[in-house]
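>>> the following block contains a protein sequence and its predicted model.
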Amino acid sequence: MTQQEVIDLMKSSNTEAEWNANADKVKKAFDGGYPNWWFATIVMSGILRETAAKWGDDGEIKIFTL
């Protein structure tokens, strides 16, 4: 999977569940982990934030207590 294919796949997500499923596809393609360029390309570039807005989220990491 190329970097552009990953970008296109993640941008195609329309729900949080779809985003998570697509992220799992990426991890599977990269031997169980994210590629080394994931954070800069997907998170820092704003792709996560812009895509999460489709389902009313902001893409920020949230920490919950149990």
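All right, it came through fine. Numbers count the residues shown, from 1 in each chain.
>>> rest of the way, CA atoms for contacts and neighbours
Fine.
>>> could you give me the average pLDDT of the top helix by length along the chain?
Of all segments of type helix in the chain, defined using DSSP state H, the longest is helix 16-29. In this model, helix 16-29 has an average pLDDT of 97.
>>> ok, now stretch 55-62?
Rounded mean pLDDT across stretch 55-62 is 85.
>>> sorry, back to before: neighbouring contacts of the longest helix of the chain?
For helix 16-29, the surrounding residues in contact (C-alpha atoms under 8 Å, 6 or more residues apart in numbering) are 1, 6, 9-10, 13, 33-35, 52, 55.
>>> how far does it sit from the chain's center?
Relative to the chain's own centre, helix 16-29 is displaced by 7 Å; criterion: C-alpha atoms, centre = their mean, to the nearest Å.
>>> toward the C-terminus, what is the element adjacent to it?
Next in sequence after helix 16-29, counting helices and strands by DSSP states H and E, comes helix 38.
>>> could I get the buried residue list for stretch 29-37?
Of the residues in stretch 29-37, Tyr34 count as buried by neighbour count, 16 or more other C-alpha atoms under 10 Å.
>>> ok so, going back, alpha carbons of the longest helix of the chain, as CSV, please.
Extracted C-alpha coordinates of helix 16-29, given in CSV (Å, rounded to 0.1, in the frame of the first residue of the first chain):
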residue,chain,number,x,y,z
GLU,A,16,-15.7,6.5,13.0
ALA,A,17,-16.3,2.7,12.5
GLU,A,18,-15.2,3.0,8.9
TRP,A,19,-12.1,5.0,9.9
ASN,A,20,-11.2,2.3,12.5
ALA,A,21,-11.7,-0.5,9.9
ASN,A,22,-9.6,1.4,7.4
ALA,A,23,-6.9,2.0,10.0
ASP,A,24,-6.9,-1.8,10.6
LYS,A,25,-6.3,-2.3,6.9
VAL,A,26,-3.4,0.0,6.9
LYS,A,27,-1.9,-1.7,10.0
LYS,A,28,-2.3,-5.1,8.3
ALA,A,29,-0.6,-3.9,5.2
